[in-house]
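**Q** take a look and give me a structure for this.
(one chain, ligands or ions: 2)
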Amino acid sequence: MHQTPTAHVIDPGSGHMSAATGRYEKRISDLAGLYEDAAAFEAFAAEDPARIVYAVHEARPLQSSGDLIFGTTWMQPGRIGREFFMTRGHIHATANRPETYYGESGEGLMLMESPEGETQILEVRPRVLVYVPPMWIHRSVNTGGTPLVMSFCYPCDSGQDYGIIERSGGMATRIVADGSGWKAVENAAYRPRSLAEIDAVLATAA
Ligand SMILES: O=P(O)(O)OC[C@H]1O[C@](O)(CO)[C@@H](O)[C@@H]1O
Ligand SMILES: [Fe+2]
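**A** Ligands and ions are numbered 1, 2, ... in the order given. Down below sits the predicted model:
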């Protein structure tokens, strides 16, 4: 039985995608532990715990392999202390699965880290497509003053592993305000992965 082809209209401002099969939101209260300035986070969360930081529309297929998951991420502008709003970040649970992101509106960046700890940063803006190759941890950051909207696409058997970032005390690099722009700074709490952990990640790709 073939699935029926579909077309989806994306609103670049709101990130709404027609005929999505799912939608979820991440609120400030869901994002404890991500930001370097714990006191600033607590103050922000106490003031407005229900504040939405990002929202996702997605279409998930019926099949469990060989198919795609695609949709949009809408991210509010804002900062906790000097650090810009960002997604939780993850590596795909099957680590050799890639992903693309396409800028719909706003400006931001894709912060990526290899299991070995190399950082790569690519800016996202409208009409820029960012390719996240297999094996890269990835996190989106809204560095602008308006919502950042991106559409994304990845294999439906990728899965998301958030533990890899938690175990290393965050990603190696943080994105912080610098005048009217941004800069990358070292995360002082970062603990590089052991060879055993790196090998375990690489093994999921075998
Ligand atoms: O799952 P996270 O790391 O919170 O970030 C959400 C982003 O990642 C995705 O899961 C896609 O990989 C999208 O939902 C969104 O772009
Ligand atoms: Fe992903």
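
**Q** next, the buried residues of the helix or strand harbouring residue 39.
**A** Using DSSP states H and E, the element containing residue 39 is helix 38-47. Residues of helix 38-47 classed as buried by neighbour count (16 or more other Cβ atoms under 10 Å): 41, 44-45. Where you see a C-beta, it was placed from the backbone N, CA and C, and this is true even at glycine.

**Q** so which of these comes closest to residue 111?
**A** Nearest to residue 111, judged by Cβ to Cβ, of the buried residues of helix 38-47 is residue 41 at 18.3 Å.

**Q** is it true that the closest one touches residue 78?
**A** No - counting by Cβ atoms under 8 Å, residue 41 stays clear of residue 78, with 11.8 Å between them.

**Q** list of residues touching stretch 52-71?
**A** For stretch 52-71, the surrounding residues in contact (Cβ atoms under 8 Å, 6 or more residues apart in numbering) are 3, 6, 8, 15-17, 19-28, 30-31, 72-76, 78, 85, 87, 140, 151-158.

**Q** among those residues, which ones lie close to ligand 1?
**A** 73, 87, 140, 152, 154 (Cβ under 6 Å from any ligand atom).

**Q** now do the helices in this structure.
**A** All helices of the chain, identified by DSSP state H, fall at 38-47, 163-167, 195-203.

**Q** quick one, which of the ones you listed is nearest to ligand 1?
**A** Closest approach to ligand 1 among the helices of the chain is made by helix 163-167 (8.8 Å; Cβ to the nearest ligand atom).

**Q** kindly export the closest one (C-alpha atoms) in CSV.
**A** Written as CSV, here are the backbone C-alpha positions of helix 163-167 (Å, rounded to 0.1, in the frame of the first residue of the first chain):
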residue,chain,number,x,y,z
GLY,A,163,22.2,12.4,27.5
ILE,A,164,25.3,13.0,25.5
ILE,A,165,25.1,16.8,26.3
GLU,A,166,24.1,16.3,29.9
ARG,A,167,27.0,13.9,30.6
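
**Q** work out the gap between it and the centre of the chain.
**A** 14 Å (Cα atoms, centre = their mean, to the nearest Å).

**Q** just stretch 46-64 next, same as before
**A** On Cα atoms, centre = their mean, the centre of stretch 46-64 falls 11 Å from that of its chain.

**Q** likewise stretch 92-105?
**A** 9 Å.

**Q** how many neighbours does residue 112 have?
**A** Residues within reach of residue 112, counting by other Cβ atoms under 10 Å, total 22.

**Q** so it touches residue 119, yeah?
**A** Yes - counting by Cβ under 8 Å, residue 112 touches residue 119, with 7.1 Å between them.

**Q** grab the nearest non-local neighbour of the residue nearest the centre of the chain.
**A** Centrality entry for the chain: nearest residue to the mean C-alpha point is residue 139, 3.4 Å, by Cα atoms, centre = their mean. Spatially, and ignoring its direct neighbours in sequence, residue 139 is nearest to residue 89 (3.1 Å; Cβ to Cβ, 6 or more residues apart in numbering).
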